[in-house]
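Undergrad: I would like the atomic coordinates for the input below:
(one chain, ligands or ions: 2)
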Amino acid sequence: MSILEIQNLSFRYSNNQSWIVRNFSFAADAGDIVAVIGESGSGKTTFLYLLCGVIPKVIKGHFSGKIKVMNENIENLSLPQIAPKLSLMMQETELQLSFPSVEQELAFAPENLKLAPSEIENRVDDALTLLQIKSLRYEETATLSFGQKKLVAFASVLTLSPQIFLLDEPTSGLSTHYIQQIANVIQTSSQAGKTIFIANPTTNLLEISNKTIDLNKL
Ligand SMILES: Nc1ncnc2c1ncn2[C@@H]1O[C@H](COP(=O)(O)OP(=O)(O)O)[C@@H](O)[C@H]1O
Ligand SMILES: [Mg+2]
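TA: Ligands and ions are numbered 1, 2, ... in the order given. Purely as a prediction, here's the structure:
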């Protein structure tokens, strides 16, 4: 059994737009790092929205096919049920970050999972430690640099501890130092059996990926 199975997936926003994917099938296993590539406007973000159910649950269009996570069709799950299995780091970091402080931002998702306070504390601590940003814990999110915000957005995915990470341009616009920090955590997560999709991976991330989905060709 694969961790994620895409079966005959087709999607376009409307009749007068071209297909983003058409009759596309794919399987990903534990530990896979999947590079989702294609030029701007080819549908990378759309593809990640399909994987986590935002399309068609929130954003509508012409959708058909099946996406199964650990053998469960995500069509039968609500978005709050999907998030702890497949969680998305959005391309627009500003849209993702919604709390005044870094600590509040990171505690929010595990609080929603109704985890015990000690477990929430552990998850926040682990995420900050892994990404080497413990010093940002009590900072106001608004005062952070672009790169620091990206790391915090990634940390908030880690606190959910999902099986599958969907990272939309996680390193675009970042300095090599931050890119390397993110690449290290992706590699560690892969070794721990997580499955990671990366839209528009920069060089370091492309090097560690073992599968590719090229949306120019779909
Ligand atoms: N909500 C939407 N409604 C209609 N068209 C959209 C919507 N979102 C994106 N598109 C279009 O779908 C195509 C793919 O967009 P997107 O997935 O953002 O590509 P990428 O992430 O590869 O740059 C583009 O032509 C874009 O204009
Ligand atoms: Mg995009």
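
Undergrad: Which residues are in contact with the residue nearest in space to the middle of the chain?
TA: Residue closest to the mean C-alpha point of the chain, counted by Cα atoms, centre = their mean, is L166 at 2.1 Å. Contacts for L166 were tallied using Cβ atoms under 8 Å, 6 or more residues apart in numbering; they are L48, L51, C52, L86, S87, L88, M89, F197, A199. In this view, the C-beta of every residue, glycine as well, is placed from N, C-alpha and C.

Undergrad: can you check A183 too?
TA: By Cβ under 8 Å, 6+ apart, the residues touching A183 are T171, N204, L205, I208.

Undergrad: For F154, see how far away it is.
TA: Distance check for A183 against F154: by Cβ to Cβ, to the nearest Å, it reads 11 Å.

Undergrad: For these two, list the residues in contact with both.
TA: Common neighbours of A183 and F154 (Cβ under 8 Å, 6+ apart) do not exist.

Undergrad: Over to the closest residue to I37 other than its chain neighbours: give its phi and psi.
TA: With Cβ to Cβ, 6 or more residues apart in numbering as the criterion, I37 has its nearest non-adjacent residue at 5.3 Å, and that residue is D214. When read as degrees, to the nearest 10, the backbone of D214 gives phi -100, psi 110.

Undergrad: Packing partners of whichever strand or helix holds A27?
TA: Per DSSP states H and E: A27 is located in strand 21-28. Counting contacts by 3 or more Cβ pairs under 8 Å, 6 or more residues apart in numbering; DSSP states H and E, strand 21-28 is packed against strand 4-12.

Undergrad: ok, residues contacting the strand it packs on?
TA: Under Cβ under 8 Å, 6+ apart, the answer for strand 4-12 is 18-28, 46, 50-51, 55, 61-69, 71, 86, 164, 195.

Undergrad: That one and ligand 1 in contact?
TA: No - on the criterion Cβ under 6 Å from any ligand atom, strand 4-12 is out of touch with ligand 1, staying 8.4 Å away.

Undergrad: And that strand, what's buried?
TA: For strand 4-12, a neighbour-count test (16 or more other Cβ atoms under 10 Å) marks L4, E5, I6, L9, S10, F11, R12 as buried.
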